[in-house]
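Q: mind folding the following:
(2 chains)
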There are 2 protein chains.
Amino acid sequence: MEKKTIGVGLIGIGVIGGAVARGLKDRAARLEAQLGFQVELKRVKVAPQDMTRPIIAEFPENIFTTDDDDFFNTPDMDIIVEAMGGEYPAFDYLSRALSSGRHVVSSNKEVIAKHAAELLALAHKHNVGLHFEASVGGGIPLLEPLQYDLAANNILGIYAIINGTTNYILSQMDSAGIEFSEALRQAQELGYAERNPVNDIEGYDSVYKLAIMAMMVFRTEYKPEVIYREGITQLEVKDFKYAKELGFVIKLLAIAKADNGAVELRVHPVLLPHDNSLSRIDGVYNAALINGDLVGDVIFSGEGAGPSATSSAVIADIMAAAQDTALGVGNRMRWRLDDNRPLLPATDVVTQYYFRLNVTDQPGVLADIAAIFKDTAISIASVLQKEVDEDALTAEVVIMSHPARESAVRRAVEALQLLEAINAVNIIRVGI
Amino acid sequence: MEKKTIGVGLIGIGVIGGAVARGLKDRAARLEAQLGFQVELKRVKVAPQDMTRPIIAEFPENIFTTDDDDFFNTPDMDIIVEAMGGEYPAFDYLSRALSSGRHVVSSNKEVIAKHAAELLALAHKHNVGLHFEASVGGGIPLLEPLQYDLAANNILGIYAIINGTTNYILSQMDSAGIEFSEALRQAQELGYAERNPVNDIEGYDSVYKLAIMAMMVFRTEYKPEVIYREGITQLEVKDFKYAKELGFVIKLLAIAKADNGAVELRVHPVLLPHDNSLSRIDGVYNAALINGDLVGDVIFSGEGAGPSATSSAVIADIMAAAQDTALGVGNRMRWRLDDNRPLLPATDVVTQYYFRLNVTDQPGVLADIAAIFKDTAISIASVLQKEVDEDALTAEVVIMSHPARESAVRRAVEALQLLEAINAVNIIRVGI
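A: Numbering: from 1, shown residues only, chains lettered A, B, ... in the order given. Sure thing, here's the model as predicted:
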């Protein structure tokens, strides 16, 4: 039943692809000891311009090809690994790989999040495995535990800090007291943020990862564009200061929550109580808190990202696919999109809120504000007047609400913005 | 290839066995949706006295049997789950189950730790899976991630708070300032500690779990009795107080560490810097920090124990075994004991130490102490004189050392104990 050598084809030789190629080469003996057979990198599909990369010289030149047909027709190539990233042409390559009857491994959150249903259908149709552990949390085991180890549980909630770039920026704003733009610049200098950071700081990256986890757990397709998303660009250092006074830290969370047969999915900054387990996840670290009805809370954390950690997950997926190949197993995925759990409209979500209002310091303004909260039936838990600016005659008012429906909060914000004495309204959701 | 129903046999109907039996019944629809076929509890082997347990009435009476042959001869029983606990007769049942060619699931740390090599050999010989995720960390996924998701890594270290009972007691001693015996009594009242608590408080339970993780990671048999073990009974509230002043908390850790081709294995209290991720794991929570050469640090934590959380892991193992049965897969375990990594003698371990000395407050005593540290070549990092007792004329001296070899520390402790002015010597290792 066992084959002597399992062949791997790799698409892309960028930072992730390069780390995977090196890992397969450097760890060949380890993989063979674990699996009982050899795993060999047979072929690498590259773009013409990649042939000038220094890493090319580390491998026999004839394993590289720029030709798609040449790549897909490689004999004894049992597994195809996609490490290109992005939606297209990755989707086309993944489709062709699955359709060719090979097990497929991908580290690409965007294409999995956007095309889960099509890719899953292809994997099931051709009876092959589709592995993508590295797409969420980098090297931290998350998707396999969700799919297998926690499979007996009804998952009630997932609360995740799943983007290292934004977590680093928020940690710096909090601990070093520097504003967003400066923290972003530092993150870019350290290589934690890309030159075009929009994917991270506006929450798209977290949305892709949340979509993947939610689809796996709730067995329902949720396209990234239906997920409520708010980035971190509107946060100011004073929010961290006020949050700290009130006993909170600020984190960008990806939240998936079972709610009476429906599902809440949202990515936005959250005021977290300072003693929450996720409050201590700082810097580029990732963490996911998973609440299951049998297991209670389980937390997975680590320095998820980076090429080395990501290659840990990709190579583990390759090993799983290789073992399945050797055992003659096609598709052992449990994941199907056969449920139909509706998404709770964002306006129906109920949480507590933090309001930060910049007001012109004049008599009666607090009464006007209180009237709006009363009219919109939002119950106030506490009010703090902060930072009176004697020159500008402005003050900051921080209001913590009791749990309120998002639709009511939106009405309140609109009404507040119409008050002449109010210069700015910022809100952050509180708690999980 | 697929069978319509996979049959499960269960040995033992205590708290864990009961939770598993209920879980299989209550979650039958969930399991079928995930797996594509039914999983059915066919037979339960019980002791005669168990037939009076209330849980018996929840199931058809004819699934219970007190007869071993009757149980093992049950037709269409594809998987056998052992939930008895203890070394014997569990070992005999597990051996018979594996030899009968069924996949086997166990939640029993003691028998796996003590008989890993024999049980593994039987599983490999009969080409069946041996699953025991629940034996370490209860419901927290740990062994599967170590065996599969982190398989590409050379594991450099495992640092685990893996016994909820002792962690609860230590948390209470720290936060409530109550001494060990009172904290133990409270833990017993709350059901966190057994009436005979020796297995937990003397570290045996942690040793079993450490042995299992170490054997899996280093592919070498380490019998529990060769693992260095120290319990928590000698700790006093003042140790927590002094530790806090110095910036540390005290945790009972299970440590497995790769060390130049050898392996350090030890269970003992540790002074952990208060900002270490494991320092925040309080109460009955468990956590394991795993350091891999590709992935860096990954931490798994949760409220591991309890029947419900444990059943989460056992049922996940049953699902994996059921899927393998349906796919016609025998043994897909990667675990083999085919390496031979020597254990570093405990006396060769190098760490920092905390010494707490109760001394008679007389001139020259500090000079005598310092001379012993000099003679044993242990470098002192700091000295604090604490709590002078004016009546007894005694004082507490706390010495923090630089990294020192255990053999030197043992010589120093012996010499210190010979000093007339020294009434007691307590040591705790520092850092990980």
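
Q: which of the helices and strands in chain A ranks last by mean pLDDT?
A: strand A:380-389 (a mean of 86; mean pLDDT, DSSP states H and E).

Q: can you list the strands that that one pairs with?
A: When sheet partners are counted by DSSP bridges, strand A:380-389 sits next to strand A:394-401 (antiparallel).

Q: roughly how far is stretch A:328-346 from the heart of the chain?
A: 18 Å (CA atoms, centre = their mean, to the nearest Å).

Q: name the residues of that stretch that are buried.
A: Buried residues in stretch A:328-346, counted by 16 or more other CB atoms under 10 Å in any protein chain shown: A:329-332, A:334-335, A:337, A:341, A:343-344, A:346. Every residue, glycine included, has its C-beta placed from N, CA and C.

Q: now swap in stretch A:78-96 and tell me
A: Here stretch A:78-96 shows A:78-85, A:90-91, A:93-96 as buried, counting by 16+ other CB under 10 Å.

Q: does it reach chain B?
A: No. Using CB under 8 Å from any CB of the partner chain, stretch A:78-96 never reaches chain B; the gap is at least 12.9 Å.

Q: coming back round to it: what about chain B: which of the buried residues of stretch A:328-346 touch it?
A: A:329, A:332, A:334.

Q: coming back round to it: sitting in strands, which of the buried residues of stretch A:78-96 do you find?
A: If you go by DSSP state E, these have A:79-82 in strands.

Q: reformat these as CSV; add distance to B:Pro48 and pLDDT.
A: Converted to CSV, these look like this (distance: CB to CB, whole Å; pLDDT from 0 to 100):
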residue, distance to B:Pro48, pLDDT
A:Ile79, 53, 98
A:Ile80, 58, 98
A:Val81, 56, 98
A:Glu82, 59, 98
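
Q: give me the number of neighbouring residues for A:Asp68.
A: Residues contacting A:Asp68 under the criterion other CB atoms under 10 Å in any protein chain shown number 14.

Q: contact partners for the residue nearest to it when sequence neighbours are not counted?
A: Leaving out its chain neighbours, the residue that sits closest to A:Asp68 by CB to CB, 6 or more residues apart in numbering or on different chains is A:Lys45, at 7.0 Å. Contact partners of A:Lys45, counting by CB atoms under 8 Å, 6 or more residues apart in numbering or on different chains, are A:9-12, A:65-66, A:68, A:71, A:93.

Q: what do you get for A:Gly17?
A: A:10-11, A:44, A:81, A:83-84 are the contacts of A:Gly17 under CB under 8 Å, 6+ apart.

Q: and A:Ile16, by the same measure?
A: Contacts of A:Ile16 by CB under 8 Å, 6+ apart are A:83, A:85, A:107, A:134, A:307, A:310-311, A:314.

Q: report the two of the residues you listed separated the most.
A: A:Gly85 and A:Ser311 (14.1 Å; CB to CB).

Q: show me what from the stretch 201-350 of chain A comes close to chain B.
A: So far as CB under 8 Å from any CB goes, the stretch 201-350 of chain A lies against chain B at A:219, A:277, A:280, A:292, A:294-303, A:306, A:308-309, A:311-313, A:315-316, A:319-320, A:323, A:327-329, A:332, A:334, A:338.

Q: out of those residues, which are buried?
A: Looks like these have A:219, A:277, A:280, A:292, A:294-303, A:306, A:308-309, A:311-313, A:315-316, A:319-320, A:323, A:327, A:329, A:332, A:334 buried, using 16+ other CB under 10 Å.

Q: just the ones of those in strands?
A: Checked against DSSP E, those include these in strands: A:292, A:296-302.

Q: most widely separated two among the ones in strands among the buried residues of stretch A:78-96?
A: Of all pairs drawn from these, the widest gap by CB to CB lies between A:Ile79 and A:Glu82 and measures 10.8 Å.

Q: what touches both of these two?
A: In contact with both A:Ile79 and A:Glu82: A:104-105, using CB under 8 Å, 6+ apart.

Q: domains of chain A?
A: A:5-139+A:307-327, A:143-302, A:346-430 (automatic domain parsing).

Q: in a markdown table: those domains, plus distance to B:Ile161.
A: Formatted as a markdown table, the domains of chain A follow (distance: least, CB to CB, whole Å):
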| stretch | distance to B:Ile161 |
| --- | --- |
| domain A:5-139+A:307-327 | 22 |
| domain A:143-302 | 13 |
| domain A:346-430 | 30 |
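
Q: out of those, the one nearest B:Leu35 is which?
A: Closest approach to B:Leu35 among the domains of chain A (CB to CB): domain A:143-302, 8.8 Å.

Q: the closest one spans what distance, first to last residue?
A: One end of domain A:143-302 sits 14 Å from the other (CA to CA, to the nearest Å).

Q: check stretch A:389-396 too.
A: First-to-last distance for stretch A:389-396 - CA to CA - comes to 9 Å.

Q: what residues of it count as buried?
A: Neighbour-count burial for stretch A:389-396 [16+ other CB under 10 Å]: A:394-396.

Q: other residues contacting it?
A: Residues contacting stretch A:389-396 (CB under 8 Å, 6+ apart): A:238, A:242, A:356-362, A:385-388, A:423.

Q: specify which member of those is nearest to B:Ala262.
A: Nearest member of the contacts of stretch A:389-396 to B:Ala262, counting by CB to CB, is A:Tyr242, at 52.7 Å.

Q: from chain B, how far off is the closest one?
A: 24 Å (CB to the nearest CB, to the nearest Å).

Q: leaving aside the residues adjacent along the chain, what's closest to that residue?
A: A:Val398 (5.0 Å).

Q: hmm, the one you found is touching A:Tyr354, no?
A: Yes. Between A:Val398 and A:Tyr354 there is a contact at 6.8 Å, judged by CB atoms under 8 Å.

Q: where does the stretch 101-250 of chain A have low pLDDT?
A: Within the stretch 101-250 of chain A, not a single segment meets pLDDT under 70.

Q: all strands for it, in order.
A: Counting by DSSP state E, counting those that start in this stretch, the stretch 101-250 of chain A has these strands, from start to end: A:103-106, A:130-131, A:155-161, A:228-229, A:248-259.

Q: dump those strands into TSV; add mean neighbour count as well.
A: What follows is the strands of the stretch 101-250 of chain A, written out as TSV (neighbours: other CB atoms under 10 Å in any protein chain shown):
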stretch	mean neighbour count
strand A:103-106	28
strand A:130-131	26
strand A:155-161	23
strand A:228-229	20
strand A:248-259	23
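
Q: could I get the average pLDDT for the helix ranked longest in chain A?
A: Across chain A, the longest stretch assigned as helix under DSSP state H is helix A:307-327. When pLDDT is averaged over helix A:307-327, the result is 97.

Q: how far does that helix sit from its chain's centre?
A: For helix A:307-327, the distance to the chain centre is 21 Å (CA atoms, centre = their mean).

Q: quick one, it and strand A:296-302 angle?
A: 120 degrees (axes from the mean of the first three to the mean of the last three CA atoms, to 10 degrees).

Q: which other helices and strands contact helix A:307-327?
A: strand A:5-11, helix A:15-26, helix A:28-35, strand A:38-45, strand A:79-82, strand A:103-106, strand A:130-131 (3 or more CB pairs under 8 Å, 6 or more residues apart in numbering or on different chains; DSSP states H and E).

Q: can you lay out these as TSV showing distance to A:Ile212?
A: Listed next are the helices and strands packed on helix A:307-327 as TSV, based on distance: least, CB to CB, whole Å:
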stretch	distance to A:Ile212
strand A:5-11	20
helix A:15-26	17
helix A:28-35	26
strand A:38-45	24
strand A:79-82	15
strand A:103-106	11
strand A:130-131	12
